[in-house]
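Trainee: What follows is a protein structure lacking sequence information:
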DNA sequence: CATATTAGTGCGTATTACGAACTATGCAAG
DNA sequence: CTTGCATAGTTCGTAATACGCACTAATATG
């Protein structure tokens, strides 16, 4: 009976997951825009919040080319959100540190996103909370490096 | 004790949800790129797959300006994925229909996404499958219109 | 030491998106 | 009916984002 179309139950779930993801990203985009940030710079700030990375590492995290990240960091640095620092270990490397202002903005945006996503989190069954890390691990390719 | 920082359990969950969403969107972006589509055009195709919409309605679905959608449809139409059709009911309106080629491409991409997201779906607890629609409803603002 | 390799930057280009201005159609009132 | 206003779409100029390639500087490797 479910032979007519190729659409399986898993396809439906995939679809829902994709739709939810689009909405989540839309929320983050909106919140970022309220702070005058693009989605990507907001994401960068979120990543640098608890890490110090080199340009190349940040590019890996974001899945972007280095040249793109160069410009991204340029703009953020000009706004005083991030600072470049020569690496002590490797003369070619630049280390990226978030500034106090950057921290503050990231915290603000993070709180805003939390508030808007809270209704979703509340609607999630309790054992999903435990599964989320595993789900992220299943999907994330690079973050294990 | 959990008074030191403002970071609550819910913040952690939000963070995970956002990260997962980023990865899901990254997958969709990659799959779309393989078909020579941008994320947005792929999304448009996905939406028009089971609906006929006017320009304005599509703009609502996508959360984009009408002028943006104009160009989006231009390019898709030039590639024969979508067709514009004058509305019978309203002389100002244009109706958008996906073509056979568009259907095919959307199906192909959809299958590809399904395959890549399958491991994630499998890792989700069973009762989440039932919750996904409610979660989407909790997060989606416009689709109820 | 000669030669890769790696880190980062600086082009030029394409795409995506926005907002404002404009056209055309439809909808009210008076 | 015609004057005025709202709505549907398009066009245009502009800004941001991202790419690939070429380039410099520093570091490995033979």
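Mentor: Thanks, I have the structure now. The shown structure was predicted, so the numbers you read here are calculated from the model rather than taken from an experiment. Numbering: from 1, shown residues only, chains lettered A, B, ... in the order given.
Trainee: For chain A, give me the ranges with low pLDDT.
Mentor: Counting by pLDDT under 70, chain A contains low-confidence residues at A:1-7, A:141-145.
Trainee: one more time with 50, if that's ok
Mentor: By pLDDT under 50, the weakly predicted segments of chain A are A:1-3, A:142-145.
Trainee: I'd like the distance from the lengthiest helix in it to the chain centre, please.
Mentor: If you go by DSSP state H, chain A has its longest helix at helix A:9-34. Between the centre of helix A:9-34 and the centre of its host chain there is 13 Å, according to Cα atoms, centre = their mean, to the nearest Å.
Trainee: is DNA strand C contacted by the following helix or strand past it?
Mentor: Moving toward the C-terminus from helix A:9-34, the first helix or strand encountered (DSSP states H and E) is helix A:39-48. No - if you take Cβ under 7 Å from any atom of the strand as the test, helix A:39-48 misses DNA strand C, and the best it gets is 10.2 Å. From N, CA and C alone the C-beta is placed, and that goes for glycine too.
Trainee: For whatever helix or strand comes next after helix A:39-48, name the packing helices and strands.
Mentor: Read in the C-terminal direction, the helix or strand following helix A:39-48 is strand A:53-54, with elements assigned using DSSP H and E. Using 3 or more Cβ pairs under 8 Å, 6 or more residues apart in numbering or on different chains; DSSP states H and E as the contact test, the elements touching strand A:53-54 are strand A:94-98.
Trainee: Contacts for the strand it packs on next, please.
Mentor: With Cβ atoms under 8 Å, 6 or more residues apart in numbering or on different chains as the contact definition, strand A:94-98 has outside contacts at A:45, A:48-49, A:52-55, A:58, A:73, A:81-87, A:106.
Trainee: Separate out the buried members of these.
Mentor: Among the contacts of strand A:94-98, the ones that count as buried by 16 or more other Cβ atoms under 10 Å in any protein chain shown are A:45, A:48, A:53-55, A:58, A:73, A:81-82, A:106.
Trainee: Please consider this matter closed, and thank you.
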